[in-house]
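A.B. asks: Starting from these lines, generate the structure:
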Amino acid sequence: DNVFGTAGLKGVWSPLHAHAVARKDRANLYRRLYQAAAEKWVAAGALSHSVTLYAHDPVPREAMFTYGFGLRCVDAIRLLELQALGESRYEFCELAPGEAAAVAALRHGLAEHLRRYPCFLALEPRHEEKAGERGESGGSRIWVLRDGGGIIGYVECQAGGENFLCDAPDMMNICGAYLPEPYRGQGVFAQLLGHLMNALHGEGYLRLGVDFESFNPAGYGFWRKHFVPYTHSVVRRIDGAVSERR
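C.D. replies: Next up, the predicted model:
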């Protein structure tokens, strides 16, 4: 219910492990699978359809594209390797769980960025509050850059994510990150990412994951530069009048 923050909109999601086609005519079979599923979904009142696909497999992506799906979210991954970091004016550190409120202003900045064009992301009313609670409870870990004592950027990680691959015990997943616009384009966030990678590598982690919206140009460009996509989540919105006529 209320999928993607849209009041009254019912949706359905087929995750990464919930579909597969092995025969040669895979594109046609994917189309036929969706035909059968879509009939049931719309009959049940679900007008938002989401499917997560492997990014390296173009066949189901093209099949979904012909039925009106578009890219919305990307999961990406990279190996954790020690990074050579030079001198910096910024201080890197991890916050204690009780210090999560120190990045409240940055969380708000991220939320406002996602609400504006071209993202137009409809975040739920308690989005920032829930994110703060996650950090304060120890459900995630937060690293920051300080400039003269003030925090200028943060990155938040947790074990687990939105698909089964994120649950690998040697993997951590970025679940929040923000750097205000005056600091962008100077390699500042790359420094923060490098410090994070070194810290996690020192703890024995081997991989780092992140998920991001494809329609966020700043995030899309940065994460694609440093990570390799492995899933594409595509979405289709059925016209409301179709449901009303049924």
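A.B. asks: pretty sure Pro229 is in a strand, no?
C.D. replies: Yes. Membership of Pro229 in a strand is supported by DSSP: H, G, I helix; E, B strand; the rest coil.
A.B. asks: Verify the stated contact: it with Asp75.
C.D. replies: Yes. Under the criterion of Cβ atoms under 8 Å, Pro229 lies in contact with Asp75, with a separation of 6.9 Å. Any C-beta I mention is one placed from the backbone N, CA and C, and that applies to glycine too.
A.B. asks: those strands in the protein, which residues are they?
C.D. replies: With strands called from DSSP state E, the chain shows them at 10-14, 46-54, 70-79, 91-94, 141-147, 150-158, 171-178, 207-213, 228-237.
A.B. asks: Next one: the most centrally placed residue in the chain, what pLDDT does it get?
C.D. replies: Centroid-nearest residue in the chain, with Cα atoms, centre = their mean: Asp211, separated by 2.6 Å. Per-residue confidence for Asp211 comes out at a pLDDT of 96.
A.B. asks: And Ile238, by the same measure?
C.D. replies: At Ile238 the predicted local confidence, pLDDT, stands at 95.
A.B. asks: Repeat that for Phe120.
C.D. replies: 93.
A.B. asks: ok, now Ala241?
C.D. replies: The predicted local confidence for Ala241 is 60.
A.B. asks: The helix of greatest length in the chain vs strand 228-237, what angle?
C.D. replies: Ranked by residue count under DSSP state H, the longest helix found in the chain is helix 26-43. Compare the direction of helix 26-43 with that of strand 228-237 by axes from the mean of the first three to the mean of the last three Cα atoms, to 10 degrees and you get 50 degrees.
A.B. asks: Provide the angle between the direction of helix 26-43 and the direction of strand 10-14.
C.D. replies: Here helix 26-43 runs at an angle of 150 degrees relative to strand 10-14 (the same axes, to 10 degrees).
A.B. asks: and helix 26-43, which residues are buried?
C.D. replies: Ala27, Leu29, Tyr30, Arg31, Leu33, Tyr34, Ala37, Ala38, Trp41, Val42 (16 or more other Cβ atoms under 10 Å).
A.B. asks: I'd like to know the average pLDDT value across that helix.
C.D. replies: If you average the pLDDT values across helix 26-43, you get 96.
A.B. asks: Determine the set of other helices and strands touching it.
C.D. replies: With contacts defined as 3 or more Cβ pairs under 8 Å, 6 or more residues apart in numbering; DSSP states H and E, the packing partners of helix 26-43 are strand 46-54, helix 58-65.
A.B. asks: tell me the most buried of the ones you listed?
C.D. replies: Stretch with highest mean neighbour count among these: strand 46-54 (a mean of 21; mean count of other Cβ atoms under 10 Å).
A.B. asks: In its sheet, which strands sit next to that one, and in what direction?
C.D. replies: Partners of strand 46-54 in the sheet, by DSSP bridges, are strand 10-14 (parallel), strand 228-237 (antiparallel).
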